[in-house]
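How does the following fold in three dimensions:
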Amino acid sequence: MSSRRALYRPRPAEVRTGAADVPVRVGQDEVEAVREEWLVEDRWWTTRPLRRHYFEVTTASGANRVVFRDLVTGGWFTQTGT
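Below is the predicted model of the structure:
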């Protein structure tokens, strides 16, 4: 039996925000820059709509991270291909 992990499965993230709910810290890393942000709204016609505010950030350690706030539950998540 192989131990496969689903790609792109959101994982809870510890995110601290500043003005306008923009991330200033992800985990222990300070955010140096927000490279891009976008909204995703899908499945609005179902009982489980998907509404997310994504941020691509660069941290002080030089890492590029993608995090999002689930606009339905209010939780923060990270989503990667690994």
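
longest strand of this structure?
The single longest strand within the chain, with elements called by DSSP state E, is strand 29-42.

which residues pair with the residue most central in space within the chain across the strands?
Most central in the chain under Cα atoms, centre = their mean is Val67, positioned 1.9 Å from the mean C-alpha point. Assessed by DSSP bridges, Val67 has beta-bridge partners Phe55, Thr78.

So it is in contact with Thr58, correct?
No. The criterion here is Cβ atoms under 8 Å, and Val67 misses it with Thr58 at 12.0 Å. Heads up, the C-betas are built off the backbone N, CA and C, glycines and all.

residues in contact with Asp21?
Asp21 sits next to His53, Arg69 when contact means Cβ atoms under 8 Å, 6 or more residues apart in numbering.

got it, and Pro10?
By Cβ under 8 Å, 6+ apart, the contact set of Pro10 is Phe68, Asp70, Phe77, Thr78, Gln79.

what number of residues lie near the third one?
It stands for Phe77. 18 (other Cβ atoms under 10 Å).

ok, now the one 3 residues further on?
When neighbours are counted by other Cβ under 10 Å, Thr80 registers 11.
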